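A.B. asks: please find the sequence and the predicted model below.
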Amino acid sequence: MAWGTPLKALVTLAVLCVGAGGADVFACGVNWRLPKDHFDGVNEYGVVSYWEQIGEIDLGDDLKLPLIIGFQSDRDWSSPYLGKGWILPLLDSNIVQVSENEFRQIQPDGYTINFGRDGKKPNVIRGQQGWTGEIKGDVITLYATCGWKLTYQQGKLTSITTPKNRVLSLLYSDGKVAELREQGRIVLQVNTDPATKQVTGVTYGKDKIGVALGDKPKVEVVAGQNVVGGMAKSLGDLQFSDGTRHTYQFGVNDKLEPLLKVGMPNSEPRNISWNPMNNQISSDNGWIYAISFPSKNTNAKIERTNLQGQSEMWFYDGEKGTNYTRDVSGNTTEHQWFTSGFATGRLRHSITYVSNGKRLERKLSYDERGNLIRDSAPRYTLEVRENLLVINKNSSLPIYIKIHNEE
């Protein structure tokens with residue numbers, strides 16, 4: 001899940017992660033991968049959620065830290081590195097107390113983990129994916145069962161300990177990270193303008209990414225009309241060591257809705273707009289969105305239609321533990337997930353209604369430790385795509401065999 005997700009019941013949120021981001025969300029510790037939602041660019045609450053990996057710090061011995069950035073239309077917060085509405089999770093990672101017994105953590109890769117206070121040990125908090133935490137004064141230390149440890153002081157991330165006991169320390173200056181170090185060696189440095197203290201980029205290894213801010217209109221709704229009430233500083237430009245640039249231009253469309261135009265090398269600009277009243281997405285490069293909430297205190301039902309008239313839909317019903325999808329071909333699938341026990345978050349039953357009237361059903365069973373022991377789906381499926389024979393095997397990548405036609 002992307003940062004800024006409202007807090008709900010921990011079990012519901014754990015299952016929700018699978019529906020929105022895939023089963024790999026349940027990997028132990030920090031995922032170190034780009035946050036994903038069902039539809040790229042919009043999260044489970046229907047608001048704009050744009051994520052991009054802009055670099056990677058290779059520390060050797062299979063330890064690689066991705067540099068990920070993210071923007072959300074409902075984020076009323078400014079990153080000291082990227083400005084209004086953005087986050088650079090490796091440096092912006094934090095944990096905050098949202099109620100007497102509930103805490104919300106933003107992991108260094110951008111995913112959100114929610115914690116609840118232990119009923120018998122008030123200094124202990126327990127979260128999703130097996131995370132536990134210990135509170136000592138203004139220090140909260142989070143532990144994963146596989147060996148990851150994250151330490152926060154006054155809510156800010158101060159160190160990352162890997163399962164191999166490598167320790168990365170974040171050193172702060174003027175309220176923001178100045179350096180990321182391992183055993184005294186600088187592995188990432190935040191560059192700032194000495195006069196303005198504004199961040200101008202980051203340097204890691206032989207790579208450098210320059211950061212420039214631009215203006216982001218503050219669109220407000222007054223007497224039912226959208227008006228621009230001022231400007232805020234927000235990410236406008238990234239410059240990379242190879243000379244390429246990524247641009248992020250904020251403006252308004254013809255309806256005076258907020259608009260984000262993302263520019264990448266060798267590709268058409270991506271235009272994303274949203275409703276300023278509720279921050280819900282309106283359009284994204286030809287897709288027109290319709291957001292609704294069929295049930296109270298649950299996710300949005302997200303429907304979208306493209307210029308060809310094709311439509312898609314996604315809705316996760318947390319109360320029923322059911323995920324509904326419809327693709328552009330009209331195929332509808334109902335996935336049911338376990339909401340308790342060792343198999344929490346795992347698929348238990350799915351039914352696909354194919355547009356031609358065919359019904360495909362799959363049932364899965366797990367042992368008391370949550371290990372898959374039975375799957376009713378066919379072991380292999382064959383599919384022909386033009387000159388390719390595609391062999392799909394459960395739980396593995398498909399095999400592609402090229403077909404040669406001999407005359």
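C.D. replies: Sure, I can see it.

A.B. asks: is it correct that Ile302 is in contact with Tyr316?
C.D. replies: No - with contact defined as CB atoms under 8 Å, Ile302 does not reach Tyr316; the gap is 9.6 Å. (Each C-beta comes from the backbone N, C-alpha and C, glycine too.)

A.B. asks: so what's the backbone phi/psi at Lys120?
C.D. replies: As for Lys120, its main-chain torsions (degrees, to the nearest 10) stand at phi -100, psi -20.

A.B. asks: and for it, the neighbour number?
C.D. replies: For Lys120, the count of nearby residues is 6 (other CB atoms under 10 Å).

A.B. asks: domain ranges for the chain?
C.D. replies: Per automatic domain parsing, the structural domains of the chain span 10-285, 377-407.

A.B. asks: single out the most deeply packed of these.
C.D. replies: Mean neighbour count (mean count of other CB atoms under 10 Å) peaks for domain 10-285 among those, with a mean of 17.

A.B. asks: what mean pLDDT does that domain get?
C.D. replies: The average pLDDT for domain 10-285 rounds to 92.

A.B. asks: from Lys320, how far off is Arg117?
C.D. replies: With distances taken as CB to CB, to the nearest Å, Arg117 is found 28 Å from Lys320.

A.B. asks: coming back round to it: which one of the domains of the chain lies nearest to Glu334?
C.D. replies: Counting by CB to CB, Glu334 lies closest to domain 10-285 out of those; the figure is 11.8 Å.

A.B. asks: low-confidence ranges, the stretch 251-400 of the chain, go.
C.D. replies: The model of the stretch 251-400 of the chain has pLDDT under 70 over residues 378-400.

A.B. asks: how about the strands in it?
C.D. replies: Per DSSP state E, counting those that start in this stretch, the stretch 251-400 of the chain carries strands over the ranges 258-263, 270-274, 281-284, 287-292, 301-305, 311-317, 322-326, 332-337, 347-353, 359-366, 372-375, 380-385, 388-393, 399-402.

A.B. asks: and the contacts of the third one?
C.D. replies: For strand 281-284, contacts defined as CB atoms under 8 Å, 6 or more residues apart in numbering pick out 41-42, 46-48, 73, 255, 257, 270-275, 288-289, 291, 304.

A.B. asks: quick check: closest non-adjacent residue to Val262.
C.D. replies: Leaving out its chain neighbours, the residue that sits closest to Val262 by CB to CB, 6 or more residues apart in numbering is Arg270, at 4.3 Å.

A.B. asks: again, but for Phe71
C.D. replies: In space, Phe71 is closest to Tyr50, 4.6 Å off (CB to CB, 6+ apart).

A.B. asks: return the residues in contact with the one you found.
C.D. replies: Counting by CB under 8 Å, 6+ apart, Tyr50 makes contact with 41, 70-72, 260, 262, 272.

A.B. asks: before we move on, what about Ile95?
C.D. replies: Ile95 makes contact with 103-106, 115, 133, 140, 142, 152, 155, according to CB under 8 Å, 6+ apart.

A.B. asks: wait, which of the strands of the stretch 251-400 of the chain is closest to Pro122?
C.D. replies: For the strands of the stretch 251-400 of the chain, distance to Pro122 was read as CB to CB. The smallest value, 31.2 Å, belongs to strand 332-337.

A.B. asks: buried stuff in the closest one?
C.D. replies: The neighbour-count check on strand 332-337 (16 or more other CB atoms under 10 Å) flags 333-337 as buried.

A.B. asks: which one of those is nearest to Thr196?
C.D. replies: Taking CB to CB as the measure, Thr196 lies nearest Trp337 of the buried residues of strand 332-337, at 49.3 Å.

A.B. asks: which residues does that closest one bridge with?
C.D. replies: Beta bridges link Trp337 to Leu347, judged by DSSP bridges.

A.B. asks: go ahead and confirm it touches Arg348.
C.D. replies: Yes - in this structure, Trp337 is within contact of Arg348 by CB under 8 Å, at 6.4 Å.

A.B. asks: what helix or strand is the residue nearest to Asn31 when sequence neighbours are not counted on?
C.D. replies: Nearest-residue entry for Asn31: Asp109, 5.4 Å, with adjacent residues in sequence omitted and distances by CB to CB, 6+ apart. Assigned by DSSP states H and E, Asp109 belongs to no helix or strand.

A.B. asks: distance of Asp109 relative to Trp131?
C.D. replies: Distance of Asp109 to Trp131, computed by CB to CB: 14 Å.

A.B. asks: then Gln336?
C.D. replies: Between Gln336 and Trp131 the computed distance is 26 Å (CB to CB).

A.B. asks: quick one: the residue nearest to Phe71 is in a helix?
C.D. replies: No - checked against DSSP: H, G, I helix; E, B strand; the rest coil, Tyr50 lies outside a helix; its state is strand.

A.B. asks: and the residue nearest to Asn31, how far is that from Ile69?
C.D. replies: Asp109 sits 11 Å away from Ile69, going by CB to CB.

A.B. asks: got any residues that touch both of those two?
C.D. replies: Applying CB under 8 Å, 6+ apart, one finds that no residue jointly contacts Asp109 and Ile69.
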